[in-house]
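Engineer: Build me a model:
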Amino acid sequence: MKVLITGGSGFVGRYLQGYFNSDEYDVAITSRCKSNISDFPVYTIPAIDQHTDWKHALKNVDVVVHLASRAHSSDNHSEAAKEDFTKTNVLGLSKLLDDCIFLGVKRIIYLSSIKALGESTDGRDAFSESDKYNPADYYGITKARAEQLVVEKCKHSGLDYTIIRPPLVYGKSAKANLQSIARGLSYSLPFPYFTSSNRRSLISVHSLCRFIVAVANDPNTNNQIYNVADNYVLSTKDIFSLIKSCSNSKSFIFPIPKFIFTFLAFFWSKFGDVSTKLYGSLEINNTKATKVISWKPLEKPEKNDFV
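Structural biologist: Okay, here's the model as predicted:
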């Protein structure tokens, strides 16, 4: 099986290379710049948009694992962010799909995000595959649109697809919110929380990589969408405590009344976004994913991988 991993130099991509590293696979990756990031052939794709030419990387490829995307950040609501998300996550993907179809690629595995369904499960059941799209920011909006593109373009084209929606992915060298928390704890800064009862699904980067490989080898996952998470939920306090224990931090994690967060969110909308992401619930029903042959979700977090 010849596999192309787009975004192979990113957080998930670097781990995934190791899981495809056997005689069963002929692997190549794409990266924004040429560097010593892989033992596999590297195709340089400096920018991803509607003009990107993927054909040189797709020659004789059977399966594309599409990880490359514009990741979520603290600036998910501006017009500039909207343009960047659309260019990379939608227009760039559309061109990749066209090139895959043109060259006869058999299958694309698209790494989406649970954010396509929404930002929170407060006051409702865990997200399942049957839920309707309800994204809260441009990142989620473009992930939802990208999923729709995959389904629309693959229909009757000969290109099969699998869409994977993970929650927060943790592992050594993880970025975004986990990196910020770990950095703060490394300075022994105090960390407040207003609830220890919120419920957040997570997935280890190792567990996610095993799922991707399982999907690549299971034809029953063709043309399916999976919400994927490990078999546990953690509160924000649990996450802070795990990171603290891994980093030998002396930070003090302390409770404060919820009305203080509500007050700050009322007067500062950006704080409200951060508060929802950190202290709200975001739970995933992974029942469908657990039926994939040869994949078993973790029953407890791999705590040494939180920093």
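
Engineer: switch to C-alpha atoms for all contacts and neighbour counts from now on
Structural biologist: Will do.

Engineer: So Gln179, which state does it fall into?
Structural biologist: helix (DSSP: H, G, I helix; E, B strand; the rest coil).

Engineer: ugh, typo on my part, it should be Ser188
Structural biologist: Under three-state DSSP, Ser188 falls in the coil class.

Engineer: Wait, it touches Ser245, no?
Structural biologist: No: proximity of Ser188 to Ser245 does not meet the contact threshold set by C-alpha atoms under 8 Å, at 11.9 Å.

Engineer: which residues sit against stretch 54-69?
Structural biologist: 1-8, 10, 12-13, 28, 30, 43, 88-89, 96, 99-100, 103, 105-111, 216 (C-alpha atoms under 8 Å, 6 or more residues apart in numbering).

Engineer: I meant stretch 7-19, not that one.
Structural biologist: 5-6, 29-32, 37-38, 66-69, 173-175, 205-206, 209-210, 213.

Engineer: again, only using 10 Å
Structural biologist: If you take C-alpha atoms under 10 Å, 6 or more residues apart in numbering as the criterion, stretch 7-19 is touched by 5-6, 25, 27-40, 42-43, 45, 65-69, 111, 169-175, 205-206, 208-210, 212-213.

Engineer: In strands, which of those appear?
Structural biologist: The members of those that map onto strands under DSSP state E are 5-6, 27-31, 42-43, 65-66, 111, 169-170.

Engineer: Same list, the residues you listed, but as a markdown table with pLDDT and distance to Trp295 please.
Structural biologist: Converted to a markdown table, the ones in strands among the contacts of stretch 7-19 look like this (pLDDT from 0 to 100; distance: C-alpha to C-alpha, whole Å):
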| residue | pLDDT | distance to Trp295 |
| --- | --- | --- |
| Ile5 | 98 | 20 |
| Thr6 | 98 | 22 |
| Val27 | 97 | 21 |
| Ala28 | 96 | 24 |
| Ile29 | 96 | 24 |
| Thr30 | 96 | 26 |
| Ser31 | 94 | 28 |
| Val42 | 93 | 28 |
| Tyr43 | 95 | 30 |
| Val65 | 99 | 17 |
| His66 | 99 | 20 |
| Leu111 | 99 | 17 |
| Val169 | 94 | 17 |
| Tyr170 | 92 | 18 |
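
Engineer: farthest pair in those residues?
Structural biologist: Tyr43 and Tyr170 (26.6 Å; C-alpha to C-alpha).

Engineer: Please say which of these two ends up with more neighbours.
Structural biologist: Neighbour count, other C-alpha atoms under 10 Å: between Tyr43 and Tyr170, Tyr170 has more, with 25 against 20.

Engineer: Would you agree the more buried one is in contact with Leu178?
Structural biologist: Yes: counting by C-alpha atoms under 10 Å, Tyr170 does reach Leu178; the two are 7.5 Å apart.

Engineer: What distance do you get for Ile212 to Glu24?
Structural biologist: 15 Å (C-alpha to C-alpha, to the nearest Å).

Engineer: quick one: which of those two has more around it?
Structural biologist: Counted by other C-alpha under 10 Å, Ile212 and Glu24 do not tie: Ile212 has more neighbours, with 21 against 9.

Engineer: Can you get me a residue count around the closest residue to the more buried one other than its chain neighbours?
Structural biologist: The shortest distance from Ile212 to any non-neighbouring residue, by C-alpha to C-alpha, 6 or more residues apart in numbering, is to Ile109 (7.8 Å). If you count neighbours by other C-alpha under 10 Å, Ile109 ends up with 26.

Engineer: How about Ser157?
Structural biologist: Other residues near Ser157 number 14, with proximity taken as other C-alpha under 10 Å.

Engineer: just Ala80 next, same as before
Structural biologist: The number of residues packed near Ala80 is 11, by other C-alpha under 10 Å.

Engineer: How about Asn304?
Structural biologist: 13.

Engineer: quick one: contacts for it?
Structural biologist: 171-172, 242-243, 245-247.

Engineer: repeat for Ala146
Structural biologist: Ala146 neighbours (C-alpha under 10 Å, 6+ apart): 86, 88-94, 110, 112, 116, 140, 152, 163.
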